Structure formats: structure tokens, C-alpha cells
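[1] Sequence first, then the predicted structure, then my questions.
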Amino acid sequence: MPDAVKKEPIGLIAEVHGPVVVIACRRLPPLRQALCTRLAGELYLFEVHQHLDEQHVRAITLHRTSGLWRGMPIYDLARL
């Protein structure tokens with residue numbers, strides 16, 4: 001999975017609310033799609049839960065969210 005963060009990001013974190021993350025996307029990934037980011041050498045996984053509008057999705061993190069910040073790049077695992 002180390003190549004996950006070498007690809008073009010699908011979007012950026014816009015909001016973090018506990019285990020829920022809003023992601024601003026260039027293109028909307030399908031529901032239940034796996035997304036990821038890397039922080040301090042650790043891979044954080046997300047699952048797309050809801051399309052909010054044409055540019056934002058609500059995702060559930062499968063890890064703790066401490067350390068995540070707005071503007072972090074998010075990658076689509078299906079496009080790796």
C-alpha cells in the first residue's frame with residue numbers, strides 16, 4: 001500500500017467530526033468506496049457513506065481521527 005500516496009489525490013478533508021469526515025472531491029467516488037490518507041507513516045482508511053452534493057462526500061473513518069486536519073489529501077484505493 002505504500003504507492004497509495006504517490007497517486008493524484010481524489011480530494012481533501014474539509015471537516016472532521018469524530019469518526020465522520022467530510023471530503024471535498026474533484027469527482028465523487030461511489031458509495032462504500034474505500035479511500036485513504038497517510039499520517040505519520042500510518043495508513044488511515046475511510047468508507048464513503050453519503051454524497052452530500054456534487055463535490056462533497058461524508059465518509060466514516062475506520063481508525064481514530066486524532067491528528068487528521070482540514071486540507072489533508074485523500075486517495076481513492078480503487079484507482080491505485
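    In hand now; what should we look at?

[2] partner residues bridging I13?
    I23 (DSSP bridges).

[3] For M72, see how far away it is.
    Applying C-beta to C-beta, to the nearest Å, the value for I13 to M72 is 5 Å. Quick note: C-beta positions are derived from backbone N, CA and C, even for glycine.

[4] Determine how far the last residue of stretch 9-29 lies from the first.
    12 Å (C-alpha to C-alpha, to the nearest Å).

[5] Stretch 26-35 now?
    Stretch 26-35 end-to-end distance (C-alpha to C-alpha) = 14 Å.

[6] cool, and stretch 47-61?
    7 Å.

[7] re earlier: overlap in contacts of I13 and M72?
    T37 (C-beta atoms under 8 Å, 6 or more residues apart in numbering).

[8] Can you tell me, leaving aside adjacent residues, what's nearest to D76?
    I10 (4.3 Å; C-beta to C-beta, 6 or more residues apart in numbering).

[9] Quick one: low-confidence residue ranges for the chain.
    Scanning the chain for pLDDT under 70 picks out 1-6, 79-80.

[10] sorry, back to before: next up, the contacts around the residue nearest to D76.
    23, 25-27, 29, 35, 74-76, 79.
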